[in-house]
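Novice: what follows is a predicted protein model with its sequence.
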Amino acid sequence: MHHIEITETRRVEVTHLKAECGVRYWEDATVDGIEDTEGTLIPCRDKDAWVPVIDLATGRIKDWPEGKTARLHYKVCDDGRYALLDASGAEVAWITGYVPKLMCPGGSGYGDYVIMNIDASGQIRDWNADLSPFSDAD
């Protein structure tokens, strides 16, 4: 008996992006106008990574503390994993490596930086959910 592998393409509705960004320098952010020198002020930190879950339709970060603002310019380079989630929270596609453009609506990140401004409701300014980097995702 012989076997082959085939790839099946299907259309899936995605609702959120889970970003796992390996931040090199936490001090490259201000939270509520204060330089976050140790990375202790920024919400969504998990050990050495910044891990926001972002609503694709609105650009709002899930579970962002009401009233907190942030300006990020994190150097991540190729230490990132970006996963698209369906409505149940399951990962349906992901990319790794360089920072995709949707993670730098606050400027040109050149594939190395997460650049964004987040308001007091957790809304990312100038959010644009360009999912084109995921079209050939593994």
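Specialist: That came through fine. Only a predicted model underlies this, so the values are computations on that prediction, with no experimental measurement involved.
Novice: quick one: contacts of stretch 49-61?
Specialist: 14-23, 42-45, 62-64, 72, 74, 84-85, 105, 114, 118, 121-124, 127-129, 131 (C-beta atoms under 8 Å, 6 or more residues apart in numbering). C-beta: built from backbone N, CA, C; applies to glycine.
Novice: for stretch 22-39, same thing?
Specialist: So stretch 22-39 is contacted by 41-42, 45, 48-50, 68-77, 79-80 (C-beta under 8 Å, 6+ apart).
Novice: in that stretch, which residues are buried?
Specialist: Buried positions in stretch 22-39, judged by neighbour count with 16 or more other C-beta atoms under 10 Å: 22, 23, 26, 28, 29, 30, 31, 36, 39.
Novice: strands of this protein, start to end?
Specialist: 16-22, 29-31, 34-35, 45-46, 49-50, 53-55, 70-75, 80-85, 91-96, 113-118 (DSSP state E).
Novice: need the winner for burial among those.
Specialist: Mean neighbours per residue, mean count of other C-beta atoms under 10 Å, is largest over those for strand 113-118, with a mean of 22.
Novice: and it, how far out from the chain's middle?
Specialist: Chain-centre distance of strand 113-118: 10 Å, with C-alpha atoms, centre = their mean, to the nearest Å.
Novice: can you check stretch 5-23 too?
Specialist: The answer for stretch 5-23 is 13 Å, by C-alpha atoms, centre = their mean.
Novice: now do that stretch: distance from first to last residue.
Specialist: Taking C-alpha to C-alpha, to the nearest Å as the measure, stretch 5-23 stretches 37 Å from start to finish.
Novice: quick one: average pLDDT of that stretch?
Specialist: Stretch 5-23 comes out with an average pLDDT of 92.
Novice: the residue nearest in space to the middle of the chain pairs with what?
Specialist: For the chain, residue 19 is the residue whose C-alpha lies nearest the centre (C-alpha atoms, centre = their mean; 3.4 Å). Under DSSP bridges, the beta-bridge partners of residue 19 are residue 82.
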